[in-house]
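Visitor: Structure for this input, please:
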Amino acid sequence: MGYYSVVFSLISASGVLIFEIFRPKNRIIDFLTGVNFVYWMTFGIVPLYIFLFYEYTTWSTIRKLELTSVSYLLASIYSLVGYLCIIFSYYYASRFSINVSITTYSMKKFNNIRSIHIFKVALILFVLGFTSLVAYIRLLGGLESYLNSGLIIRSGFNTTFTSPFMFLKNLVPLLYISSYYFYCLMIEKRENLTLNVILFLTAFISSLMHLYHGAGRMTFFIYLISFPLGHIVLKNRINFRFIIVSIWLFFVMVVLGDHLLSPYSTQSIWEVFKKALLNLGGTVGGIIEEFSSPFVNLANNIEQLSIHYHFRYGFKDFIIGLNGILPSRFLPFEYMKQPNIDELNTLYFQSAGSIPVDLITFGYITFGLAGVIIITLIFGVLIRFIEGLLSNTNNIMMSITYSSWMIFIAFRVMYAEPGLVYNTVFKLVLALFLLLYFIRNNENERN
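Guide: From the prediction side, this is the model:
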């Protein structure tokens, strides 16, 4: 029965692609474009790759189930149902009066942005992020220890670096948004150009350091690609150079990322690159496997969840997820010490590190097929509302803000554990809140 999954995978792969090409939209790329791309890869291309090249797959998680398992068929059906729910709620939410109000609010508020607003927000984020970075580096024992300890901390087996102040690392990514905003001020050659250049370079270099510390290839790629993507959103036109740069950067981070971001690698960059080119088929397969966890997660949880574990029956993970962003001293309750959904998923696969839970698997683990439908319907509405709030992209600052949120939303298809979502979205929400605060203050002063 598992082989029938190919039929639904073909429907997903071709259907999502055709829909994205021909659907009506107001700009060349929007929030749904990002979601469509990630969905197309994870639940369209990945299942086809697994069934066509199963014997060549290198990930043990892929080989945990036999191809004949009916769970693969159910995974393809559930993922297709989830996608249809996202599309339905996204377009249906467009008809809500609140969505019209949000879009109108965006057009009105963000037309009043002045350079001083951008500078104030960027400076606040810079001070918070940079002071947290300095304190965090001291906490880990200095710069060398900071740069070398990222893989240990990220592995989930960290027992060396413990402190109630480890939450400071959650504030350091504020530097990412700070660098975006100083970049906008710099390229538009606003007043205080020299100061903006200095602050941008400091924020940019500090961001690269922290990304190296985190050792996350996809996070590195997302940060760097947001700069040119902001220009694409502003001009509403995709040029050939952007496509080439994006493909090259993605290839470098996926193929060479583990080597570039590891202080313990012994091979030279050229050796790794040459090996990847000589085994091009394996390299392409490896890139596709980077997107395999959602489909594999879903199939394996369908197979084993009811036998070894139980549905989560509710949304307690939204509460437990607060562990990922709040200081531990603020969360003394025994309830908060339960393993989150990512940890349970990793335990099931008996894997080192962490195997993240995707949007569809999160819904399934919560309440089966009903959970998939509920979560994806909510997700589609949220996409539409957030896109409406950021719809005014008449300047580079709002365009980069739009692109940052677009990427964040798109990758929730792959990474949906609430704690990770809170941690990732915090910097975006804080920046948006500060921006609206300063705009409103300026309006009050004029009145």
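
Visitor: contacts and neighbour counts: CA atoms only from here.
Guide: Fine.

Visitor: any idea how far L305 is from I407?
Guide: 30 Å (CA to CA, to the nearest Å).

Visitor: Those two: who's more crowded?
Guide: I407 (21 against 17; other CA atoms under 10 Å).

Visitor: Go ahead and confirm that one touches G34.
Guide: Yes - in this structure, I407 is within contact of G34 by CA atoms under 8 Å, at 6.5 Å.

Visitor: Let me know the next secondary structure element after the helix or strand of the chain with the lowest mean pLDDT.
Guide: The weakest-scoring helix or strand in the chain, judged by mean pLDDT, DSSP states H and E, is helix 150-155 (a mean of 58). Remark: after helix 150-155, the chain's next helix or strand is helix 174-187, criterion DSSP states H and E.

Visitor: tell me the mean pLDDT for that following helix?
Guide: Mean pLDDT, helix 174-187: 95.

Visitor: quick one: contacts of that helix?
Guide: Contact with helix 174-187 is made by 115, 118-119, 121-123, 125-126, 128-130, 193, 196-197, 199-201, 203-204, 206-207, 223, 227, 396-397, 400, 427-428, 431, as judged by CA atoms under 8 Å, 6 or more residues apart in numbering.

Visitor: if we go to 7 Å?
Guide: 118, 122-123, 125-126, 129-130, 193, 196-197, 199-200, 203-204, 207, 396-397, 427 (CA atoms under 7 Å, 6 or more residues apart in numbering).

Visitor: How about stretch 43-54?
Guide: 6, 9-10, 12-13, 79, 288, 291-292, 295.

Visitor: Quote the end-to-end distance of that stretch.
Guide: 16 Å.

Visitor: chain center to it, what's the gap?
Guide: Relative to its chain's centre, stretch 43-54 lies at 23 Å (CA atoms, centre = their mean, to the nearest Å).

Visitor: Show me which parts of that stretch are buried, residue by residue.
Guide: 43-51 (16 or more other CA atoms under 10 Å).

Visitor: just curious, which of those is nearest to Y313?
Guide: When the buried residues of stretch 43-54 are compared for distance to Y313 (CA to CA), F43 comes out closest, at 24.8 Å.

Visitor: distance of that closest one from F433?
Guide: Counting by CA to CA, the gap from F43 to F433 is 35 Å.

Visitor: same question, I21
Guide: I21 is 34 Å from F433, by CA to CA.

Visitor: re earlier: which of the contacts of stretch 43-54 fall in helices?
Guide: 6, 9-10, 12-13, 79, 288, 295 (DSSP state H).

Visitor: Closest to I320 out of the buried residues of stretch 43-54?
Guide: Checking the buried residues of stretch 43-54 one by one against I320 (CA to CA), the nearest turns out to be F43, at 27.8 Å.

Visitor: could the contacts of stretch 43-54 go into CSV alongside distance to G216, neighbour count and pLDDT?
Guide: Formatted as CSV, the contacts of stretch 43-54 follow (distance: CA to CA, whole Å; neighbours: other CA atoms under 10 Å; pLDDT from 0 to 100):
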residue, distance to G216, neighbour count, pLDDT
V6, 31, 20, 86
S9, 29, 25, 90
L10, 31, 17, 92
S12, 29, 25, 92
A13, 27, 22, 93
S79, 26, 28, 96
I288, 17, 16, 86
F291, 14, 18, 89
S292, 17, 23, 88
F295, 21, 26, 93
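
Visitor: Pick the one among those closest to N236.
Guide: Distance to N236 across these (CA to CA) is lowest for A13, with 25.6 Å.

Visitor: Pretty sure the closest one sits against Y39.
Guide: No - using CA atoms under 7 Å, A13 is not in contact with Y39, being 8.7 Å away.

Visitor: so what's G230 up against?
Guide: So G230 contacts 396, 399-400, 403 (CA under 7 Å, 6+ apart).

Visitor: same thing but at 10 Å, please
Guide: Contacts for G230 (CA atoms under 10 Å, 6 or more residues apart in numbering) come out as 180, 184, 236, 393, 395-404.

Visitor: can you check L80 too?
Guide: 8-9, 11-12, 15-16, 39, 43-44, 74, 86, 360.

Visitor: Repeat the analysis, applying 6 Å as the threshold.
Guide: L80 makes contact with no residue under the criterion CA atoms under 6 Å, 6 or more residues apart in numbering.

Visitor: Let me know the pLDDT of it.
Guide: Value listed for L80 in the pLDDT field: 96.

Visitor: and R114, how many neighbours?
Guide: The number of residues near R114, taken as other CA under 10 Å, comes to 12.

Visitor: just L347 next, same as before
Guide: Using other CA under 10 Å: L347 sits among 15 other residues.

Visitor: so which helix or strand takes in it?
Guide: Going by DSSP H and E, L347 is in helix 341-349.

Visitor: and that helix, how far from the chain's centre?
Guide: 19 Å.

Visitor: Could I get the CA-only coordinates of that helix as CSV?
Guide: Coordinates of each C-alpha in helix 341-349 appear next as CSV, following Å, rounded to 0.1, in the frame of the first residue of the first chain:
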residue,chain,number,x,y,z
ILE,A,341,7.3,17.7,21.2
ASP,A,342,10.7,18.0,19.5
GLU,A,343,12.3,16.0,22.4
LEU,A,344,9.6,13.3,22.2
ASN,A,345,10.1,13.0,18.4
THR,A,346,13.9,12.8,18.8
LEU,A,347,13.5,10.1,21.5
TYR,A,348,11.3,8.1,19.2
PHE,A,349,14.0,8.1,16.5
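
Visitor: So what's the model's average confidence on the longest helix anywhere in the chain?
Guide: Assignment by DSSP H gives helix 359-389 as the longest helix of the chain. The pLDDT scores in helix 359-389 average 94.

Visitor: What of stretch 23-41?
Guide: Average pLDDT, stretch 23-41: 93.

Visitor: same check, this time on stretch 225-242
Guide: Here the average pLDDT along stretch 225-242 is 88.

Visitor: buried sites along whichever helix or strand S101 is part of?
Guide: Assessed by DSSP H and E, S101 sits inside helix 97-109. Neighbour counts over helix 97-109 (16+ other CA under 10 Å) mark 99-100, 102-103, 105-107, 109 as buried.
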